[in-house]
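# Model the structure of this input:
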Amino acid sequence: MKILFLTTAFNGMAHRAWIELDRLNHQARVQIATSPEAMEAAVDEFDPELIIAPFLKTKIPERIWKNRATLIVHPGIRGDRGSSSLDWAILNGEKEWGVTILQAAEKMDAGDIWAWRTFPMRPASKACLYRHEVTQAAMEALLEAVAHFQEPGFRPQPLDYSNPAIRGRWNRRARPDDFRFSWLDDTESILHKIRAADSEPGAPMELFGKKYSCFGGRRESRLQGAPGAVLAQRDKAICIATADGAVWLTHLREDAEAGIKLPATLALGETADAIPTVALPPFLPADGDTFREIRYEEEGQAGFLHFDFYNGAMDADQCRRLQAALQEAKRRPVKVIAMMGGCDIWSNGIHLNVIEHAENPADESWANILAIDNLILEIIQSPDHYIIAALQGNAGAGGVPMALAADKVLARNGVVLNPHTRTMGLYGSEYWTYLLPRRIGLEKAQQFTEQCLPWGTAVAKEIGLIDDCFGETAEAFFGQVKQTAGEIAALPYFDKLLLAKRFQRRKDEAFKPLDAYRQEELERMQRNFYEDDEGYHHKRYCFVHKIHEASRGQLVEEKDWYSSRRRIYRRRKWEGVEYGGAWSVSDQGVNPTTGHSNPDSKQQPPNKP
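Down below sits the predicted model:
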């Protein structure tokens, strides 16, 4: 079918919905809902059989929903109405919540019901629940609704509040004061409010005479003090005492004009200098509940390196600390190291908010890209260990090549991959010109980076981007990763596996050194950062400040992704890499036959440390 998405943003939910429908051979097109006129024009031009709104904050024009079948993905149980459904579910302590697919109507969320799913709630942030339980339930219900739409004679259920099974009710839009707490409250009550407001709008609080919204709450069971006292800092997070314990806050946003979400100590500025540091290295066991971004555990001859960075963004310091942790893991008596990321997100590459906050964003961008390049080089250059990238959550931008640097790439079912940076005005580094073609071939790599497609795990496995996908939850996935890592470590021919790995690395290096890939990429990135040749600074500003930027919308609107996708994976077998292939990279200053720099490429890589 021809399906049109009307969405406020092409976010993770919309990505997953597009992937699932594309997998079923539906021709889905995306329209960013910037105005009623834009939505109406898109409908008139595309003439869809079905309209779906996977993530919509604005009303659909009456002319559309009265004349076209229009389905809304609503993150609430049947009968729930309003724009803050998940917020209220957490605030009200609901034990079970769900997703409903309903037909657009005059009254918000009051249309006929096409499908629904429910799930048990757990103590997690709103964003985490949305990425996991809500998205999974939404996909199951949406696919059922689309199947119903294709059934002759199917009739959706009218919303009937007299039905005792309809538990939901109308709720007003949540306000910042709904998430307000006092440090005299108990720890669980405070965390409850912070979770409900994370990742937006944040829970309001005051600190050192200024007003902030806070995010990333974690329980601390050992540090104590007078309620409201700032007890410690660790990895740019701060710890504040409550009535019965303490809470870590990873991020703050000052309630000021153009305030942005930042690691807590960066948001506090010089005030944070007086806060004592209480370190907790990744390799020390934690005594009770606490916060740390990087931790390591070991089971038999396999090590598991967890790095849980908020929203998957990695600043220069985080990259350096993760590299140091990987170096230390290599000194442990293990054969296999699984890089686990966080249970929510694997990695989304460089930290745009920290860069935006920097005194010199170009310099901070440069430092960040060098740090993540060094980290990825550390992964590639692991001759004595077998490295697994285990993606429990989504990966985007530089986080994808970071995963591809491993020897084996595993992903949880439902994870979405976005292996491109063009929408941010960046060419990309992270050794992607080596790692992506190594996996899927030169032609597909070019199409990947130019078409900016989201990729699901099923197709990613089919074309060889990842090796396997399994597990419906992060817990189930981690359990199977542990089993896989142990089996690899116990292989009787493990030493030969490493010998083959070293041989391939020497072969690749003889053809074209890793440093050549890096310098060519950094040459392009230097122009992006310091000459702004692709509008990176404006696009980053719009992204960080959540301003709709027209050119980003144009990258997804009116694109024939249906055909583009099939040009990439129409071959139903893994495509071997032929480095001497015909991929035209003359605009990159690289000869496609030899892999060496073209003599007419005058721009030298930046002379930076």
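
# Run a quick neighbour tally on Thr125.
I think there's a mix-up here, since residue 125 is Ser and not Thr. Per other Cβ atoms under 10 Å, the neighbour tally for Ser125 reads 21. All C-beta atoms are positioned from the backbone trio N, CA, C, and that covers glycine.

# these two touch, right, it and Ser199?
Yes - because the distance of 7.1 Å satisfies Cβ atoms under 8 Å, Ser125 is recorded as touching Ser199.

# now the host helix or strand of Ala145, how far from the centre of its chain.
In this assignment (DSSP states H and E), Ala145 forms part of helix 135-149. Its chain's C-alpha centre and that of helix 135-149 lie 22 Å apart, by Cα atoms, centre = their mean, to the nearest Å.

# do stretch 168-187 as well
27 Å.

# Next, the buried residues of it.
For stretch 168-187, the buried set under the neighbour-count rule, 16 or more other Cβ atoms under 10 Å, comprises 168, 171, 174, 178-179, 181, 183, 185, 187.

# what does stretch 89-104 give?
Burial within stretch 89-104, assessed by neighbour count using 16+ other Cβ under 10 Å, is assigned to 89-91, 94, 97-104.

# again with stretch 103-118
Judged by neighbour count (16+ other Cβ under 10 Å), stretch 103-118 contains these buried residues: 103-105, 109, 111, 113-118.

# same question, stretch 463-472
So, applying 16+ other Cβ under 10 Å, buried residues of stretch 463-472: 463-467, 469-471.

# and the next element down the chain from the longest helix belonging to the chain?
In the chain, taking DSSP state H as the definition, the longest helix is helix 361-380. With elements assigned by DSSP H and E, the helix or strand that comes after helix 361-380 is strand 386-391.

# relative to helix 361-380, how tilted is that following strand?
Between strand 386-391 and helix 361-380, the angle comes out at 130 degrees (axes from the mean of the first three to the mean of the last three Cα atoms, to 10 degrees).

# which neighbours does the following helix or strand past strand 386-391 have in its sheet, and in what orientation?
Next in sequence after strand 386-391, counting helices and strands by DSSP H and E, comes strand 394-396. Here strand 394-396 is paired, per DSSP bridges, with strand 345-347 (parallel), strand 416-418 (parallel).

# out of those strands, deepest packed?
Across the strands paired with strand 394-396, the average number of neighbours (mean count of other Cβ atoms under 10 Å) peaks for strand 345-347, which reaches a mean of 28.

# chain center to it, what's the gap?
With Cα atoms, centre = their mean as the basis, the mean position of strand 345-347 lies at 6 Å from the chain mean.

# quick one: average confidence on it?
Looking at strand 345-347 alone, the average pLDDT works out to 97.

# mind checking how far Pro454 is from Ala460?
For Pro454, the distance to Ala460 (Cβ to Cβ, to the nearest Å) stands at 10 Å.

# Strands of the stretch 401-550 of the chain, residue ranges please.
With DSSP state E, counting those that start in this stretch as the definition, the stretch 401-550 of the chain shows strands at residue ranges 408-412, 416-418, 455-456, 468-470.

# Which secondary structure elements does the shortest one sit against?
So the one you mean is strand 455-456. Under the contact criterion of 3 or more Cβ pairs under 8 Å, 6 or more residues apart in numbering; DSSP states H and E, the helices and strands touching strand 455-456 comprise helix 12-23, strand 416-418.

# Return the most buried member of those.
Scoring the helices and strands packed on strand 455-456 by mean count of other Cβ under 10 Å, the most buried comes out as strand 416-418, with a mean of 25.
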